[in-house]
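Asks: I'd like to go over a predicted model; first the sequence, then the structure.
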Amino acid sequence: MKHLIFSLVFSATWSLAKQPNILFIFTDDHAPHAISAYGSELIQTPNLDRIAKEGMTFERCYVTNSICAPSRAVILSGRHSFHNGQMTNGDVFDGSQVTFPKLLRKTGYETALIGKWHLKSDPTGFDRYEVLYGQGSYYNPRMKKDGKEVKHVGYTTDIITDLSLKWLKEERDPDKPFMLMSQHKAPHGRWEPALRHLGTLDDVEIPEPKTLFDDYEGRTSSAREHKMGILEHLGDKRLMLQYSSQFTPEQFKVFDGYFRPRNESFLAKRDSMSKQELTRWHYQRWIRNYLLCAKAVDENVGRLLKYLDESGLAENTVVIYSSDQGFFLGDNGWFDKRWMYEFSYRMPLLVRWPDQVEAKSKNRDLTSNLDFAQTFLDLAGAKADPKMQGVSLVPLLKGEKQKDWRKSLYYHYHEGGGHGVARHEGVKTLRHKLIHFFDKKEWELFDLKNDPDERESVYGNPEYTKVQAKLFKELERLKKEYEVPAIVYKSHKEIQAEKKKGR
Ligand code: CA
């Protein structure tokens, strides 16, 4: 009996010791090509690169539905948008459903969420939360802390890290493994850099993407009908000709002191500038602000890594960096996301897990935000919910070759209309991508090996007849596998009516 008790206690302690802490640092609209670990020519991100150097870089991680709130809901639920109910930014997340934080808690984890949430309903499944209201602001954010409003003064990216560090240092239960989701608004619009970064890129000419002046030939009408043009659609607020945050007088003096003279000199010549000159000015103004917002993220990632080192937590903490989708950084002449095209479809995913993940390793399998929930649960040794639709990435992290790993991904953008992007679905394999703009009855097919920038659809090209037929079949197979309901092809009005009936 004594022996039995000893072994029970021993095995319980042993299994607890094996449960790693999880630090999930998550940003908004941070494209892989604005991270130097992904070969960015635009910015140096030494702290994110450190995670890559000490861990694994996932080179083919893709989002199921390239927009903010839906991506977050997929991560929490491990289910496609049409099953978790968050198909668009306009939906309210049903917090009563099974999510990974709830299951982590059941297995002994303490869970905390700090920063951007964006799912309208109050967070569930967390021992502690403090979240921005809606999109949040870059300066002096209002936050909801366990149901109550709290006001902060300062730069939001720094504040979210301050609060995350405070929870790690003072507030969590040190006897429990933790899951901390430290989630930034940055680098989502409207892009207001930190005061300390103003002017730091003024002498740098940021390289223009080769497709900044895209003519959209070679694709269907969908691309041409966009409303996310660097020239036409950025507008004064996104260009920082008008500011969005409520500043303190001291902050305003510095912020406005930097932008006002530059804005005045631009406005004095704006009307006489050619379209090409204007596009170039817009791009430089906007991309600098975007990159500076990303730079603040990188610095704050460094602060968290430093604390893990100093506290001795680094050894048993899995650090994960990701962002809710990619983003067009002037590519195709665009800002924003939504498309199944690579720049907005691909997500960054960097993972450091000491002693388990080989340093400087790279994974090129097809992975997805659909896999995150099951990965977190697997790390904790917890069982996933049978309704979850992803696959744990833990075997990939451990470098175990997976012969039967998925060969294709299903994509579905439900929102439609926003920034002129029509609803679409599609299938991606390692080499090809088939996109269906179903409201417009238009198809595109890209051969990513010959055409990595997706300039020339080969849909209907006789050379691709076989590939096309295979992709049609694969798309149908995936729709069946994920149980895509027929309602998602109906109009928004019909979908809303159906939802009401469901209630
Ligand atoms: Ca986003």
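Replies: Looks like it arrived, so ask away. Residues are numbered from 1 along each chain as shown.

Asks: Return the residues in contact with the closest residue to the ion within the stretch 351-500 of the chain.
Replies: Nearest residue of the stretch 351-500 of the chain to the ion: residue 369, at 11.3 Å (CB to the ion). From N, CA and C alone the C-beta is placed, and that goes for glycine too. When contacts are counted by CB atoms under 8 Å, 6 or more residues apart in numbering, residue 369 is found next to 61, 62, 63, 64, 71, 74, 75, 322, 324, 347.

Asks: Let's see which of the residues you listed end up in strands.
Replies: Among these, the ones falling in strands (DSSP state E) are 61, 62, 322, 347.

Asks: just those now: which is nearest residue 153?
Replies: residue 322 (28.8 Å; CB to CB).

Asks: Just give the number of residues close to the one residue in the chain that gets nearest to the ion.
Replies: Residue nearest to the ion within the chain: residue 68 (3.5 Å; CB to the ion). By the measure other CB atoms under 10 Å, the count of residues near residue 68 is 19.

Asks: List the contacts of it.
Replies: Per CB under 8 Å, 6+ apart, neighbours of residue 68: 28, 29, 89, 118, 188, 324, 325.

Asks: any idea which residue sits dead centre in the chain?
Replies: residue 324 (1.5 Å; CA atoms, centre = their mean).

Asks: for that one, what are its contacts?
Replies: Residues near residue 324 by CB under 8 Å, 6+ apart: 26, 27, 28, 29, 63, 67, 68, 71, 72, 347, 369.

Asks: Can you check what pLDDT the model gives the last one?
Replies: By that I understand residue 369. pLDDT recorded at residue 369 is 98.

Asks: and it, how far is that from residue 19?
Replies: Going from residue 369 to residue 19 by CB to CB, to the nearest Å gives 23 Å.

Asks: same check, this time on residue 175
Replies: 12 Å.

Asks: Give me the more crowded residue out of these two.
Replies: Each of residue 175 and residue 19 has its neighbours counted (other CB under 10 Å); residue 19 has more, 19 against 8.

Asks: hang on, that one packs against residue 108?
Replies: Yes. Counting by CB atoms under 8 Å, residue 19 sits close enough to residue 108 to count as a contact (7.0 Å).

Asks: Mutual contacts of the two, please.
Replies: residue 177.

Asks: so the closest residue to residue 468 other than its chain neighbours is in which element?
Replies: The shortest distance from residue 468 to any non-neighbouring residue, by CB to CB, 6 or more residues apart in numbering, is to residue 445 (5.9 Å). Using DSSP states H and E, residue 445 sits within strand 442-447.

Asks: between the next helix or strand after that strand and strand 442-447, how many degrees?
Replies: Next in sequence after strand 442-447, counting helices and strands by DSSP H and E, comes helix 465-481. Counting by axes from the mean of the first three to the mean of the last three CA atoms, to 10 degrees, helix 465-481 lies at 110 degrees to strand 442-447.

Asks: gap between helix 465-481 and the chain center?
Replies: Computed by CA atoms, centre = their mean, to the nearest Å, the chain-centroid distance of helix 465-481 equals 27 Å.

Asks: May I see the buried residues of that helix?
Replies: Buried residues in helix 465-481, defined by neighbour count with 16 or more other CB atoms under 10 Å: 467, 468, 470, 471, 474, 475, 478, 479.

Asks: Mind putting the residues you listed into JSON lines with distance to the ion and pLDDT?
Replies: Shown next, in JSON lines, are the buried residues of helix 465-481 (distance: CB to the ion, whole Å; pLDDT from 0 to 100):
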{"residue": "467", "distance to the ion": "32", "pLDDT": "98"}
{"residue": "468", "distance to the ion": "31", "pLDDT": "98"}
{"residue": "470", "distance to the ion": "32", "pLDDT": "98"}
{"residue": "471", "distance to the ion": "27", "pLDDT": "98"}
{"residue": "474", "distance to the ion": "27", "pLDDT": "98"}
{"residue": "475", "distance to the ion": "25", "pLDDT": "98"}
{"residue": "478", "distance to the ion": "24", "pLDDT": "98"}
{"residue": "479", "distance to the ion": "25", "pLDDT": "98"}
